[in-house]
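Chemist: With the input below, show me the fold.
(2 chains)
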Amino acid sequence: MAVCIAVIAKENYPLYIRSVPTQNELKFHYTVHTSLDVVEEKISAAGKAMADQRELYLGLLYPTEDYKVYGYVTNSKVKFVIVVDSSNTSLRDNEIRSMFRKLHNSFTDVMCNPFYNPGDPVQSKVFEGMVSGMMVQVS
Amino acid sequence: MSCVQSCTSVPHSDEEMSVPDYMQCAEDHQTVLVVVQPVGIVPEDQFFRIYKRIASVSQVSVRDSQRQLYIRYRHHYLPENNEWGDFQTHRKVVGLIAVTTCASAKEWPQTSERFHGQKEVFGSTLYDSRLLVFGLQGEIAEQQRTDVAFYPAFDQCPDVEKRVEDFVESIFIVLESKRLDRATDKSGDKIHLLCVPFEKKDFVGLDTDSRHYKKRCQGRMRKHVGDLCLQAGMLQDALVHYHMAVELLRGVNDFLWLGAALEGLCSASVIFHYPGGTAGKTGARKPKQSQPADAGKRHRPGAQEVLIDPGALSANGISADTSTEIGRAKNCLSPEDIIEKYKDAISYYGKYKNAGVIELEACVKAVRVLAIQKRAMEASEFLQNAVYINLGQLSEEEKIQRYSILSELYDLIGFQRKSAFFKRVAAMQCVAPTIPEPGWRACYKLLLETLPGYSLSLDPKDFSKGTHRGWAAVQMRLLHELVYASRRMGNPALSVRHLSFLLQTMLDFVSDQEKKEVTQSLENYTSKCPGGMEVITLPDGLKLPPVPFTKLPIVRSVKLLDLPASLRPHKVKGLLGQNMSTASPFIYSPIIMHNRGEERCKKIDFQWVQGDVCEVQLMVYNPMPFELRVENMGLLTSGVEFESLPAALSLPAESGLYPVTLVGVPRTSGNITVNGYHTSVFGVNSDCLLEGLTNVKTGGCLVEVVPSLPRLQLTTSLPRSVNVLAPLSKEELSSRVSLQLFNGETQQLTITLENIGTEDIQSLELTSKMVNTKDGISVTGLPISSPLRHVLKPRAEKSGGTEGGKTEYSHIKSLEAVLNFKYSGGPGKVEGYYRELSLGVHVDVEPSVFFTRVSTLPATSTRQCHLLLDVFNSTEHEVTVSAKNNQDLVLHASECQRMAIQVDRIDFESLPQREPDPQRYASAKQLEEERLRAQGCQINSKLGLCWTIPSLRRQGEASVEGVLNQLVLEHLQLAPLQWDVAVSGKPCDCDVVAQCRVGEAVELEVRLTNRSQGPVGPFALTAIPCQDYQNGVLNHELQDAVTFIGSNTFHIDAVKPQEKAVCAGALLFLCTGDFYLNIRFQDDSSSSGGRELPLSWFCLPSVHIKALDTPPEAGA
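Modeler: Okay, here's the model as predicted:
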């Protein structure tokens, strides 16, 4: 399961970022922040290659010593980043994909809220709960 | 000449090459390495000047051939790196240029010795060397030596470049000879095995005769020849040799050298594909002049076009036959292949721990190629790999260098964030705790360079647009680090600036605890170095704009306040040019000139006055969780000289909106614009401009300042009222008094005006007006209360600026009046301005006495009558009521008594007729009311009714106005027809008794004066004598006693207004006695117009005559 989940706005600032509480939160900020370079590169490459055939899942952005960073970008260029522990080898690509799909659906619900101002930090409790479900449970 | 042999001669402790050259790029493979070093004492700046000139000779076209030789200069090179020269020849130092100074010929031997010593260091690999001697000229005997050049001084060496070129040519000759030497080795000869330093011990005791060993030797040599060819400018040959080397080495699993061969292949291909170089801007090489523009189709001059013939790769030797024509395309790698081969090479290098530097450098080179190819993703993979290459124990400096270069490379491929990340790591490395002397300056500089990567600018203006959107946590960390670094650098001004910036822009993201900490440290810094509004320029030219604290406190609205009502300037109306709008020639236009930006510049429709304190109200709040002390808060203005009077305030924690009034005095006149405000918070002075603030409401910031005006202060003899229950009206009063009076009471009020301004008062005008209240009809609800009467007569101005006013009211619950003082003077008067001071007077009127009923009784005289008044005392005190010439009447509380007053009838017609003012009395009804009022007034003054309350020592007048009905009035009125009766020439009235003698004729005269408006008459009058017996019997049968001489009937013709008519008769008394004469109008005169007149007009006095026997004189 994930150790950090982030939602990044179109303009590349965080709308939501949550990490496993036991870890150094700032570290994940750095990790997600730097991963945006790869996300942008992938988007620009994809933009040229396949305008119509849209694959939202960006796959592994980059591996670090301890973590693997995965990316996903919606059609409105909102990015989702999931960081998982490198040691967690049991996690398959399909599972990551389904996590992103869940994240996307939940974020769509957030956007559908007429009281939510697009561009503001996500504060939805439902979204929070869904993210918690995907995070590594710390006992 | 074998390099390997000489390699062993130089002992060294570590076989590893430990210092990577991160600046290396693929095209460096074709360069020859020349070390330029100072020998002995050479001033550093002079050395680097010479070094620069030498280094400018970076490529040389070699004579006799069209080939180019590229030279890489180093002024510092580690000998252990040199030992990898066989592995990759561009690592081998082949030339040495020594720079030295020599003051005299005596020193020369020593200098020469040093030079030789220097040569020894790289001696094993050097092809040639040169010594540049500065300070000597022509004094040395052995100056013919070709490897030494003498110059008198550092700036007198015009042919240095030429000498370097010659030197390069000599290197080329050696290089070429080596190339040819190696390339033409006989296949049968035993080929020496080239090896890298760490391999040497592995090959001890190896079977040198085995096929495997031979192949290895061959492969390595092929690779070496490829290197030499590449250096010598024979690209195609190099490619062929590399290809062959790859084949040979792959066969014997010699991975390290296979990697090197592959890398050589890549380098050659890169050089072919990208003649501009891959080093980026700094290392960009100029394309050779001889090269055609079309790189893809170009043929290198002098390069032989070859294609590997698989058959030529015999197992037993190196075929030198490269002359076979082979297509280039087959040898040169495609751009995609270059990357593939780099990957292979790096993975082969990776198998050897000791080849870390080689691997790392290969990664760097590959990244540069990928950057040119714009393949950022793959480049990032190479970099990712490079991050994990372990080079063993690195010194701190090496770590910094490594992180810096990673950052630079990430930047090269457009990964700004990654670049910033590594730059920050490098910065932190500069000040790692293990470093004895932390480089805070370097750290700070590197940190500044990371700002763009974190999309953080140090200009607060970029953050003023709405809520901050960015990586707050990361940005805040960076700012904290900047603050800390600048503090450790010993630059508190920078710390203050960064900390201010942090507080200003990140306030929404800082926790309460952090807010406390940050402000505390900010106060610590500012105690040493207060923060201000100046731009801080860093040594490298970066400018740090000032950070005004617009959020400490947060301002929500700015409102310019009008002057208090008493100080407000007013424009004299009717003055030419007043309120002339020049904006549009049209009086009305449906097109509204909408300009939203103008709102702030909109002129406010009131004025300020030069020299008077003006106020601006700000609504502020404190976002901090503690009390915020704002000092020196004042206004920033433009347009007019303005003296701001700063205020200090203390806002409670997390305060709600809090009004703050900033004041100042305009010193000149004109238009003033309030641009913003300045504050001093936590020791930081800020100038906050409104234009940069969002969410600030203003009702306009431009206001006119009119020239100075005098200033009046008003004091009254009565205390000012504090509790005003109901404000009189909408207009503002500068002051007010209120008093309580009984109806009819008089109160004196003295108003003192004092000029407290600086200008003289040149004009003063006084007006007054009443404010009628709705509920002023009646106190008791009785319908007979007297109507309001008020007189507000300002008296003539007195000397000393005092003024008296008399207010007089009657019988109303509450009354209000306003006294206005208009005054002007000084420059303001010239401009047509004046000021107005208004004094509100509020009077609560309690009822005193009033008259419940009024009636009249005729008096004995026709010119008089009795007025009967039922007086009611509505007070709770004993009241004494008095009238002129009358006895006092004492009334107890709520008592009603009748009082009779004898009054002379009043001739209303004789009242001074006011000029009917058509404006005031528009209708006849109003005119009539006014007439009645005047009559009432006259009656009042005639009556002089007064009341006193002895217990309260108060007194006042009572008025009968309003209770007088038409009938009473008529009775009180003197008839317009005035009848006078005279007996014997003496006028007779009721009480007068005319005396006469019996037997004598008594003259009787009846005179009529017409004071009415129209002619009256004719009248016929009959005089009838009678005798009153005082017992109710009237005797009219007096033919015996009285006789008329002539007719007893008088005729009066019509009398015109203002005329008199007299008719006279006479009568004779025949006996003594009291006689009365009744003069009556005859009925037959009804035909005349007299009957139409009111009856009261025909009221003639009765005549009382006493007839005596003796003459009156005798009888007395």
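Chemist: Taking chain B, what residue is nearest to chain A?
Modeler: Taking CB to the nearest CB, chain A has its nearest neighbour within chain B at B:Phe415, 3.7 Å off. (Glycine included, C-beta is placed from N, CA and C.)
Chemist: Let me know how buried the spatially closest residue to that residue that is not a sequence neighbour is, in neighbour terms.
Modeler: Leaving aside its sequence neighbours, B:Phe415 sits nearest to A:Asp37 (CB to CB, 6 or more residues apart in numbering or on different chains; 3.7 Å). Neighbours of A:Asp37 under the rule other CB atoms under 10 Å in any protein chain shown: 25.
Chemist: I figured A:Asp37 hits B:Phe422, correct?
Modeler: No: using CB atoms under 8 Å, A:Asp37 is not in contact with B:Phe422; the gap is 11.5 Å.
Chemist: between those two, what contacts are shared?
Modeler: B:Tyr410 (CB atoms under 8 Å, 6 or more residues apart in numbering or on different chains).
Chemist: ok, B:Thr673 - contacts?
Modeler: By CB under 8 Å, 6+ apart, B:Thr673 lies in contact with B:601, B:637-639, B:701-702.
Chemist: one more time with 6 Å
Modeler: B:638-639, B:701-702 (CB atoms under 6 Å, 6 or more residues apart in numbering or on different chains).
Chemist: got a pLDDT number for it?
Modeler: pLDDT recorded at B:Thr673 is 88.
Chemist: what's the answer for the one 10 residues further on, then?
Modeler: You'll see B:Gly683 listed with a pLDDT of 88.
Chemist: near chain B, which residues of chain A?
Modeler: With the criterion set to CB under 6 Å from any CB of the partner chain, chain A comes near chain B through A:13, A:26, A:29, A:33-34, A:36-37, A:41.
Chemist: And the strands in chain A?
Modeler: Remark: strands assigned in chain A by DSSP state E are A:2-8, A:14-19, A:57-63, A:67-73, A:79-85.
Chemist: Against which helices or strands is the first one packed?
Modeler: Put plainly, it is strand A:2-8. In terms of contacts (3 or more CB pairs under 6 Å, 6 or more residues apart in numbering or on different chains; DSSP states H and E), strand A:2-8 is packed against strand A:14-19, strand A:79-85.
Chemist: which one of these has the most crowded surroundings?
Modeler: The highest mean neighbour count among those, using mean count of other CB atoms under 10 Å in any protein chain shown, belongs to strand A:79-85: a mean of 24.
Chemist: ok, that one: who's next to it in the sheet?
Modeler: Using DSSP bridges, the strands paired with strand A:79-85 in its sheet are strand A:2-8 (antiparallel), strand A:67-73 (antiparallel).
Chemist: would JSON lines of those strands with mean pLDDT be doable?
Modeler: Formatted as JSON lines, these follow (pLDDT from 0 to 100):
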{"stretch": "strand A:2-8", "mean pLDDT": "91"}
{"stretch": "strand A:67-73", "mean pLDDT": "91"}
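Chemist: how about the ones you listed in TSV, adding mean neighbour count?
Modeler: Below are the strands paired with strand A:79-85 laid out as TSV (neighbours: other CB atoms under 10 Å in any protein chain shown):
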stretch	mean neighbour count
strand A:2-8	25
strand A:67-73	23
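Chemist: Quick one: closest of these to B:Val1006.
Modeler: Closest of the strands paired with strand A:79-85 to B:Val1006 is strand A:2-8, at 122.1 Å (criterion: CB to CB).
Chemist: residues in contact with that closest one?
Modeler: A:14-20, A:28, A:32, A:79-85, A:131, A:134-136.
Chemist: hang on, the earlier thing: out of the strands of chain A, nearest to B:Leu753?
Modeler: Per CB to CB, nearest to B:Leu753 of the strands of chain A: strand A:14-19, 68.5 Å.
Chemist: Can you check what angle separates the closest one from strand A:2-8?
Modeler: 170 degrees (axes from the mean of the first three to the mean of the last three CA atoms, to 10 degrees).
Chemist: mind listing what strand A:14-19 pairs with, with the direction of each?
Modeler: Paired with strand A:14-19 in the same sheet, following DSSP bridges, are strand A:2-8 (antiparallel).
Chemist: Could you tell me the per-residue confidence at the residue of chain B closest to chain A?
Modeler: As predicted, B:Phe415 sits at a pLDDT of 89.
Chemist: Then the one 4 residues further on?
Modeler: On the pLDDT scale, B:Ser419 is placed at 91.
Chemist: swap in B:Met506?
Modeler: 87.
Chemist: List the contacts of it.
Modeler: B:472, B:476.
Chemist: now it: how far from B:Ile536?
Modeler: B:Met506 sits 19 Å away from B:Ile536, going by CB to CB, to the nearest Å.
Chemist: And B:Val196, by the same measure?
Modeler: In terms of CB to CB, B:Val196 sits 52 Å off from B:Ile536.
Chemist: Between the two, point out the one with more neighbours.
Modeler: Between B:Val196 and B:Ile536, counted using other CB under 10 Å, the more crowded position is B:Val196 (24 against 18).
Chemist: from what I can see that one touches B:Gly85, true?
Modeler: No: contact criterion CB atoms under 6 Å: B:Val196 and B:Gly85 do not qualify, at 9.8 Å.
Chemist: what do the two both touch?
Modeler: Joint contacts of B:Val196 and B:Gly85 (CB under 6 Å, 6+ apart) do not exist.
Chemist: So the residue most central in space within chain B versus B:Gly634, what's the distance?
Modeler: Using CA atoms, centre = their mean, the residue of chain B that lies closest to the mean C-alpha position is B:Leu690, 1.5 Å off. From B:Leu690 across to B:Gly634, the span is 14 Å (CB to CB).
Chemist: Right, I'll call it a day here.
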